[in-house]
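K.L.:
predicted model and sequence below, questions to follow.
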Amino acid sequence: MQVRLQLMVVLSAITVLGSCSREDRILRQPPSASNTLNTVQISGLNPGANLIPTPPSSNMYQESAYSVSEGQKLFEAYNCVGCHAHGGGGIGPPLMDSNWIYGSEPGNIFATIMQGRPNGMPSFRNRIPEYQAWEIAAYVRSMAGLLPKGVSPNRTDEMNIKPAESSTPKQTPTGITGVPEQPK
Amino acid sequence: MASLNEPIRTPLTLDVSALPSVAFGHRNTTWLANVFYMAIEGMMFALMFATYFYLRTRSTEWPPGHLPPALRYGAANAAIFLVSIIPAWLVRKRAPEGDRRAVRNGLLFLALFALAATLLRAFEFTTLNCRWTDDAYSSTVWVLIGIHSGHLLTELIETIVLLLISFTPKMEGTRLADAAINSDYWYFVVITGLMVDVLIYGTTRFL
Amino acid sequence: MTAALSLVASHVLAQAKVLDPGRHHVLHPAAPQAGHIEWLYWFIFWILFAVFVLMIAAFAGAGAKARVVASGPLPIVEKDEEADHRAGWAVGSAMAITVATLFVVLVLSVVTGKRVEGLTSKNPVTIQVTGHQWWWEVSYPNSQADQTVTTANEIHVPVGSPIVILTNSKDVIHSFWAPNVTGKRDLLPGYSSAFWFEIDQPGIYHGQCAEFCGLQHAHMGFSIIAESVDEFQAWQQQQLKNAAEPSTSEAIRGREVFLTHACLMCHTIRGTDAGSRFGPDLTHVASRNMIASETLPNTAGALAGWIVDPQRIKPGTQMSPNPLSPDDLQAVVAYLQALH
Amino acid sequence: MAVAESIVANDQDTGQSELALRLARTWRQPGGFWGWFCNTHHTDIGIRFMVTAFIFFLLGGMLAAMIRLQLIRPENSLMGPDLYNQVFTMHGSTMIFLFAVPLMFQGFGVYVVPLMCGARNIAFPRLNAFCYYLYVGGALVLWGGFLTNTGPDVGWFAYVPLSGPSYSPGHRADIWSQMITFTEVSALGVAICIATTILRYRAPGMTLNRMPILLWEKLVISMAVIFAMPAVMIASGLLLLDRLVGTHFFNPAEGGDVLLYQHLFWFFGHPEVYIIFLPGAAIISTLVECFSRRRIFGYTPIVVSVVATGFLGFSVWVHHMFATGLPQLSESFFTAASLMIVIPTGTQFFCWVATIWYGRLQLRLPMLWCFGFFFVFLIGGLSGVMLASVPVDLQVHDTYFVVAHFHYVLIGGALFPMFAGIYFWFPKMAGRMPSETLGKWHFWLFFIGFNITFFTLHFLGLRGMTRRIYTYSPDMHWQGLNVLASSGVVFMTAGLLVFLANVFHSMRVGAIAGNNPWGDAGLEWSMSSPPPPYNFLHVPTVSGRDPLWEDPPDQAIVVGLRDDIRETLVTHSLDAEPQHKDEDPGPSIWPFLTALSVSAAFVGSIFTAWAVPIGAVPVIATLIGWLWPRGESPTPLPTGESWLR
């Protein structure tokens, strides 16, 4: 009897947690989709039929705490802090507020990193591997509280310049919104 | 089986029917368990105190970049703690005599003091001059006072429950002993509370 | 693939005057420090061996003497003052011997500890070792910044002079350990400590991280290359130079690929625009025997495999895969192999 | 069924069937589905603890087999680093927190201590039941996490910063920390129950110096638990706060310190070793006495040694941290303290030899396991002397040499005595004898397999193989020794299968055991096997250290305890004079419900801090439900005169 009950508890726990990819350590990246860059849309307007394929598996980085944490590490390693500070902004715009000039969806941020933007944001095409750009994009979103708390990084082993991403309240993005980005 | 072959034993007897079915003070088993419990909690406090001083050796400035916590509510709370020993002592003294009225009154006052201390504690948090996310010093201060608040809250609830029982006819025998043990635990909360106060208000100013 | 790589590795190792792996051993000292410890080890070992034999003999003797074969419960042995008295003497003397033995072990242990730790000679070579997930940053600090040598994973030291290692860690706790040289020392973030050793015999001594530090703890090796003072100084002079200018057209193209791809985001090559400190300094990468923290031999094939798909060799490593075109890849490898 | 049998047995002994029936009715535990969760009798809870812990031992053993399989060849791709790190962390955490302490201290202690004391039940039976459910909760959290890819991957010690928020994203390390809270609260609660039982529930006449050595050891362990476990709760609690609410205890950049965690952890971690080893030593002392057929030699030195071990255990924690580079003075101090531990342990060994030497040795199955313990633990203890020496430790620390050492001490000090104890008390628990033939197969298979595996690891350590590596290069030439080490697993697995077969077989068809099949001296052998729900028909009195061997035929029994309520006798802590009577609170569902709500709050707190205030509501509600007085409360009686034979 007791065995059955314990089994039931375990099984229900598995069904609840098993559906969640928060804990995946994505160590080997899936084969790169080399053309994703050009498929990310900045605007919702398309000539003709909407045949542009979805960037593959970008969501997998948004859902994995490990990937977001890697993004955080890269944000430091690639000196993003040089312009954006730790999200507070400097030479570049702040990333922890609600104002998203070029959109707040992962694809938008990915495109921003890859293509660069006028007035200073360089293009990191070829410099940053695509999966890392997705990881950085996921991290940038966590800075504005756009990721679930279970995925967002907690405090780092650095000076605490700002509250941890996991305790940042969710922002309402302004700027480019409503883009039909990443149809399911 | 073996017993069948042995001569029938006629054991002596030890008659315990006259023994009391309730004991006060150190003879009570719950009293002993309470001592063990206080040893566990005391160990936790001791380790947190050690943590506090250990982290202090790792910092040149203490408190690092904060004003020491403001004294107001902390001092008031310390005073309440000291005064509250009186009803606790009363309960502890009168419970073995079976004086239910005195126990009820004592518990009532104890509950009121505990409530006052808990409310003041809430204000105390606003005068710490730091948030727990600031640095290691702030974290230690918050956790020290937080752990103690947990004990305070537990004790408040326990006292209220005992107070409620004391309005029923069930406040008798072992319940009276429990009320007396509750006072011991309150002493523990007072002593640790004063020690925490010395640490976070005293050592930040005078050491 | 892995098998092929390891075959290549062992081939290269055979050529590169590497220590015979059979001698990678706590009890094969190449330094006086490990020598003292080896002596202490054997001393304690033989004492304990004698204790072990005596104890087993005592149990066997007791069992043989007292043994009774019967299945049901036996009657109880009556009280025997005489036997208790004799047993008391036996246990008492055994305790006395134990205490005396432990005292000897304690004294020798403390004395050996002093001999291992005490710095006797002057003019040491000071080396700063910084742990990273999962590689070792090695630098030879100098008061003049341009006289500071920075390299990774391979520590060149002169034979016969004292070496002081300053420890530090960039991220988590690592532990620096070369069994043939001396005991281990943790690299703790927030702490810097120093210890020293001296190496008697020239050779290459393997070491690895001994404190669990995450996904690639298993592949965090380093080596200590002990060479004559002349060789060491020549090596140091070479390391101080900026990176060699590529001479072949392929290598020139390789440099361009390096500087226009992800490589420059993490690595430094002094004398070029690549200046990031996130990964190991590659200014003289071709002068090293191994790459990827002593995981692969420094050959063209291994280098190419490492650049294209490092996550296959060290899953979780900070190095990102670089899907370069075959031509680009070849060019980069050619460039890196020219960085002597 | 067990009740009926025991009544018959008691009838034969005393001819007082009416009393037996009344006691059986009063002390009856409820049956049925909900009744199972209401049970508060110590023999039932003790067996549950042991069975559950043994299941986790088998699971932990499977992980060990996976580790050995992975290391069987260089560059094996059976497991990647991610899974391997989870597997070895789970192996260590399961064996220490879910198996060794719960079985050896909690399960075994809860079962045997009240029987040895002559008590009708353990003190605070509801707290005891609560601790069981909480332990199960912690175990399910850890294994639930592992099965959903959220198994901790930071080692069973979870050193910061690796386990901190910066380097362990997600909830893996949180699961580990909360599992610690679960199991430690459980161990602390049981420590209170056991210590109180020993100090207050002893049979009249069982003064401190007549207490069986096993009770002494359980008392010392309870004290060690009470003073050591808070340290790990603080360590894991601060880690959790760092990870979840952003405190900076272990962040060097903000004044935190990474070594602080190690101090806190090992201040618990080393006493923990003795918390695991002392129950084993207690079993050995009991068995050596029984099978040497004479009073144990050196009762006083052994008791003093046990107490000394308990104290010294707290003064050696830094020897786990020699490699951090501490000042030499403190290194010397901790070397000396670590070496000193040998003295009390050596004393016990010498006394055991003397007892056997001047006794009448009967090499029955449990005693065979004792001899296994002597051999294995001796090797482990001696290599421990090497590790106490700082220079040697610095060389072999964190290598397979240390792995070999602590498997020799832990398997030697806990597992061998555990099997000895299981075979010894199996007749009491099951009412039937275990098979000696199968038991001997079990012993030799396990003993040989164990030594093949773990003796080999010493050599791997000396050849430089470090711990916790998921693979190694073929150039290191470690494969041969690893294959040898892994091959021992086959023997050990076979041995365990034989053991399981023995247990299931003997439970059904073993020879009927009777009250005292081994002819032992302890009070637990005076009642029928398995014990009736009231344990003793008459609470006994005691006039010597070995009651069943020494007591005169007219040894007094206690009368005057009521049989219509669950009355127990409370005696003086030191001289065991009867003092007053307590009422056992009886079965209740509330401990289970409280454990459930506490578990929910603990698990919830991993995901949001709000789980603490919200989860506190049901916890407080169930606690009030638990403690609220029901039925009629006994009134104080005039103090009676104490009496002692």
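P.N.:
That came through, no problem.

K.L.:
could you look up the SS state of the most far-flung residue of chain D relative to its centre?
P.N.:
The C-alpha centroid of chain D is most remote from residue D:475, which lies 41.9 Å away (Cα atoms, centre = their mean). Three-state call for residue D:475 (DSSP: H, G, I helix; E, B strand; the rest coil): helix.

K.L.:
now it: how far from residue C:290?
P.N.:
Distance from residue D:475 to residue C:290, counting by Cβ to Cβ, to the nearest Å: 11 Å. No exception for glycine: its C-beta is placed from N, CA and C like everyone else's.

K.L.:
would you map the strands across chain A?
P.N.:
Along chain A, counting by DSSP state E, strands occupy A:99-100, A:174-175.

K.L.:
swap in the stretch 51-200 of chain C?
P.N.:
With DSSP state E, counting those that start in this stretch, the ranges of strands along the stretch 51-200 of chain C come out as C:125-132, C:135-140, C:149-152, C:154-158, C:163-169, C:174-178, C:182-187, C:193-197.

K.L.:
what number of residues lie near residue D:594?
P.N.:
If you count neighbours by other Cβ atoms under 10 Å in any protein chain shown, residue D:594 ends up with 27.

K.L.:
same question but for residue C:308, I mixed them up
P.N.:
For residue C:308, the neighbour count with other Cβ under 10 Å is 14.

K.L.:
check contacts around it.
P.N.:
Residue C:308 makes contacts with C:321-324, C:329, as judged by Cβ atoms under 8 Å, 6 or more residues apart in numbering or on different chains.

K.L.:
as CSV, the strands of chain A with mean pLDDT and mean neighbour count would be great.
P.N.:
Shown next, in CSV, are the strands of chain A (pLDDT from 0 to 100; neighbours: other Cβ atoms under 10 Å in any protein chain shown):
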stretch, mean pLDDT, mean neighbour count
strand A:99-100, 78, 18
strand A:174-175, 70, 12
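
K.L.:
for those, which one sits closest to chain B?
P.N.:
strand A:99-100 (25.0 Å; Cβ to the nearest Cβ).

K.L.:
okay, now the sheet partners of that closest one, with direction.
P.N.:
Using DSSP bridges, the strands paired with strand A:99-100 are strand A:174-175 (parallel).

K.L.:
gap between the closest residue to residue C:183 other than its chain neighbours and residue C:289?
P.N.:
What sits nearest to residue C:183 in space, not counting adjacent residues and going by Cβ to Cβ, 6 or more residues apart in numbering or on different chains, is residue D:394, at 2.6 Å. Residue D:394 sits 27 Å away from residue C:289 when distances are taken as Cβ to Cβ.

K.L.:
for residue B:130, which three-state class applies?
P.N.:
Here residue B:130 is recorded as coil under three-state DSSP.

K.L.:
thought residue B:139 was touching it, still the case?
P.N.:
No: if you go by Cβ atoms under 8 Å, residue B:130 and residue B:139 don't touch, sitting 9.0 Å apart.

K.L.:
quick one, which of the two is more surrounded?
P.N.:
The residue with more neighbours, out of residue B:130 and residue B:139, is residue B:139; 30 against 19, by other Cβ under 10 Å.

K.L.:
got the phi/psi numbers for the more buried one?
P.N.:
For residue B:139, the backbone dihedrals (degrees, to the nearest 10) come out as phi -60, psi -40.

K.L.:
quick check: it vs chain C, distance?
P.N.:
Residue B:139 sits 16 Å away from chain C, going by Cβ to the nearest Cβ, to the nearest Å.

K.L.:
that residue - nearest residue in space that isn't next to it in sequence?
P.N.:
residue D:247 (3.5 Å).

K.L.:
residue A:123 too?
P.N.:
Using Cβ to Cβ, 6+ apart, the closest residue to residue A:123 is residue A:116 (3.3 Å).

K.L.:
what's the neighbour count on the one you found?
P.N.:
Neighbours around residue A:116, by other Cβ under 10 Å: 14.

K.L.:
for it, phi and psi?
P.N.:
Residue A:116 adopts backbone torsions of phi 80, psi 160, taken as degrees, to the nearest 10.

K.L.:
distance check, it against residue A:136.
P.N.:
Distance from residue A:116 to residue A:136, by Cβ to Cβ: 14 Å.

K.L.:
please pull out the lowest mean pLDDT helix or strand from the chain.
P.N.:
Using chain A. Among the helical and strand segments of chain A, the one scoring lowest on mean pLDDT, DSSP states H and E is helix A:36-39, with a mean of 47.

K.L.:
chain B too?
P.N.:
Least confident helix or strand, chain B: helix B:2-5 with a mean of 45, by mean pLDDT, DSSP H and E.

K.L.:
write out the residues of the stretch 101-250 of chain D neighbouring chain A.
P.N.:
Residues of the stretch 101-250 of chain D found near chain A (Cβ under 8 Å from any Cβ of the partner chain) are D:136, D:140, D:143-145, D:147-150, D:161, D:164-167, D:169-172, D:242-246, D:248.

K.L.:
quick one, which of those residues are buried?
P.N.:
By neighbour count, with 16 or more other Cβ atoms under 10 Å in any protein chain shown, these hold D:136, D:140, D:143-145, D:148-150, D:161, D:164-167, D:169-172, D:242-246, D:248 as buried.

K.L.:
so what's residue D:22 up against?
P.N.:
Shown in contact with residue D:22 (Cβ under 8 Å, 6+ apart): D:563-564.

K.L.:
number of nearby residues for the one residue in chain B that gets nearest to chain C?
P.N.:
Across chain B, no residue is closer to chain C than residue B:58, which sits at 8.0 Å (Cβ to the nearest Cβ). By other Cβ under 10 Å, 16 other residues sit near residue B:58.

K.L.:
for the chain, give me the ranges with low pLDDT.
P.N.:
In the absence of a named chain, chain A is used. For chain A, the stretches with pLDDT under 70 are A:1-20, A:30-58, A:175-184.

K.L.:
the intended chain is chain D.
P.N.:
D:1-16, D:631-645.

K.L.:
50 instead, please
P.N.:
Counting by pLDDT under 50, chain D shows low-confidence ranges at D:1-12, D:14-15, D:635-645.

K.L.:
on that earlier part again, the more surrounded of residue D:394 and residue C:289?
P.N.:
Higher neighbour count among residue D:394 and residue C:289: residue D:394, with 26 against 18, using other Cβ under 10 Å.

K.L.:
now the more buried one, what's its secondary structure?
P.N.:
Three-state call for residue D:394 (three-state DSSP): helix.

K.L.:
contacting residues for it?
P.N.:
Shown in contact with residue D:394 (Cβ under 8 Å, 6+ apart): C:37, C:116, C:182-185, D:322-323.

K.L.:
how about residue B:30?
P.N.:
By Cβ under 8 Å, 6+ apart, the contact list for residue B:30 reads B:174, B:177-178, B:181.

K.L.:
pipe those into a markdown table and attach pLDDT, distance to chain D and secondary structure per row.
P.N.:
Output for these, formatted as a markdown table (pLDDT from 0 to 100; distance: Cβ to the nearest Cβ, whole Å; DSSP: H, G, I helix; E, B strand; the rest coil):
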| residue | pLDDT | distance to chain D | secondary structure |
| --- | --- | --- | --- |
| B:174 | 83 | 7 | helix |
| B:177 | 90 | 9 | helix |
| B:178 | 90 | 9 | helix |
| B:181 | 93 | 12 | helix |
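
K.L.:
would CSV of the residues you listed with distance to residue D:118 and neighbour count be doable?
P.N.:
Below are the contacts of residue B:30 laid out as CSV (distance: Cβ to Cβ, whole Å; neighbours: other Cβ atoms under 10 Å in any protein chain shown):
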residue, distance to residue D:118, neighbour count
B:174, 23, 23
B:177, 24, 22
B:178, 26, 21
B:181, 26, 25
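
K.L.:
would TSV of the contacts of residue D:394 with neighbour count and distance to residue D:30 be doable?
P.N.:
Conversion of these to TSV gives the following (neighbours: other Cβ atoms under 10 Å in any protein chain shown; distance: Cβ to Cβ, whole Å):
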residue	neighbour count	distance to residue D:30
C:37	29	63
C:116	23	66
C:182	30	65
C:183	28	61
C:184	28	58
C:185	22	61
D:322	27	54
D:323	23	55
